[in-house]
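Asks: Would you be able to build a 3D model of this:
(chains A and B)
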Amino acid sequence: EDKVVQSPLSLVVHEGDTVTLNCSYEVTNFRSLLWYKQEKKAPTFLFMLTSSGIEKKSGRLSSILDKKELFSILNITATQTGDSAVYLCAVGGNNNDMRFGAGTRLTVKP
Amino acid sequence: DAGITQSPRHKVTETGTPVTLRCHQTENHRYMYWYRQDPGHGLRLIHYSYGVKDTDKGEVSDGYSVSRSKTEDFLLTLESATSSQTSVYFCATGEWTYNEQFFGPGTRLTVL
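Replies: Numbering: from 1, shown residues only, chains lettered A, B, ... in the order given. Have a look, this model is predicted:
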């Protein structure tokens, strides 16, 4: 059965810290891996990765995919309180759907 | 942002009653999805549609049905609501499968 596992489930850091969020997957016929940020509303898109070893970057956020080891990481540098959110990983596989992980709840304290 | 609206935004109902949630999009996206979100489970796919009158089951489809008679509307029906269906329901759309999905604001459903 397809599955997506995120770790840690929750994380508390202070402003300025760097964090790494993990997403591992077992999906039949991998097509893509996406990261979303969810504050107190709907998820919003961050990155989509399809090729191994190519880093996607947007400001202080970056992500990379390892298709051999079946995982991705999301890095956030110089964290700010506005980064506090649940970060979701989703993987597209054999069907026309996306399998989501349970999410990592990040809390950034001033 | 894709123009996606959901109605109602909040609903409280009783066990055994039928409930219909509506998702409306203005982006003409081919794909539409219904998810439920519960603590500890992330988002779980209920049903999805890949075109008008073309739908398929997702991971947690039992107790739910869907219909899509127009590109812009995707309805989710709980034929006889149960307390286990208390959840937040999100609709999403996408131009292509396996790509970015755009989410609606969510509907909080409580089944007493």
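
Asks: in what helix or strand does the residue most central in space within chain B lie?
Replies: The centroid of chain B falls nearest to B:Trp34 when counting by C-alpha atoms, centre = their mean (2.8 Å). Assigned by DSSP states H and E, B:Trp34 falls within strand B:31-38.

Asks: So which bits of that strand are buried?
Replies: Residues of strand B:31-38 classed as buried by neighbour count (16 or more other C-beta atoms under 10 Å in any protein chain shown): B:31-37. The way it works is simple: take the backbone N, C-alpha and C, and place the C-beta from them, glycine included.

Asks: That strand pairs with which strands, and in what direction?
Replies: strand B:42-51 (antiparallel), strand B:87-94 (antiparallel) (DSSP bridges).

Asks: ok, residues contacting that strand?
Replies: If you take C-beta atoms under 8 Å, 6 or more residues apart in numbering or on different chains as the criterion, strand B:31-38 is touched by A:96-98, A:100, B:21, B:23, B:25, B:43-50, B:58, B:60, B:64, B:66, B:68, B:74, B:76, B:85, B:87-97, B:101, B:106.

Asks: For chain A, which element, helix or strand, carries the lowest mean pLDDT?
Replies: The least trusted helix or strand in chain A, going by mean pLDDT, DSSP states H and E, turns out to be strand A:98-100, with a mean of 90.

Asks: Tally up the residues packed near B:His47, please.
Replies: Residues lying near B:His47 (other C-beta atoms under 10 Å in any protein chain shown) number 24.

Asks: So which of the strands paired with strand B:31-38 is nearest B:Gln6?
Replies: Across the strands paired with strand B:31-38, B:Gln6 has its closest neighbour in strand B:87-94 (5.4 Å, C-beta to C-beta).

Asks: got the contact list for the closest one?
Replies: Strand B:87-94 is contacted from outside by A:42-43, B:2, B:4, B:6, B:21, B:23, B:25, B:27, B:29-38, B:43, B:46, B:74, B:76, B:100-104, B:106-109, using C-beta under 8 Å, 6+ apart.

Asks: hmm, the helix or strand following it touching chain A?
Replies: Scanning forward in sequence from strand B:87-94 by DSSP H and E, the next helix or strand is strand B:102-103. Yes: using C-beta under 8 Å from any C-beta of the partner chain, strand B:102-103 reaches chain A at B:102-103.

Asks: still on that earlier bit, including distance to A:Thr79 and mean pLDDT, could the strands paired with strand B:31-38 go into JSON lines?
Replies: Listed next are the strands paired with strand B:31-38 as JSON lines, based on distance: least, C-beta to C-beta, whole Å; pLDDT from 0 to 100:
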{"stretch": "strand B:42-51", "distance to A:Thr79": "22", "mean pLDDT": "93"}
{"stretch": "strand B:87-94", "distance to A:Thr79": "26", "mean pLDDT": "96"}
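
Asks: Check the ones you listed for me and report the most buried one.
Replies: Counting by mean count of other C-beta atoms under 10 Å in any protein chain shown, strand B:87-94 has the highest mean neighbour count of those, with a mean of 23.

Asks: Could you give the separation of it from the chain centroid?
Replies: From the chain centre to the centre of strand B:87-94 is a distance of 5 Å (C-alpha atoms, centre = their mean, to the nearest Å).

Asks: what does stretch B:93-104 give?
Replies: The answer for stretch B:93-104 is 13 Å, by C-alpha atoms, centre = their mean.

Asks: what about stretch A:88-95, average pLDDT?
Replies: Taken as a whole, stretch A:88-95 has a mean pLDDT of 86.
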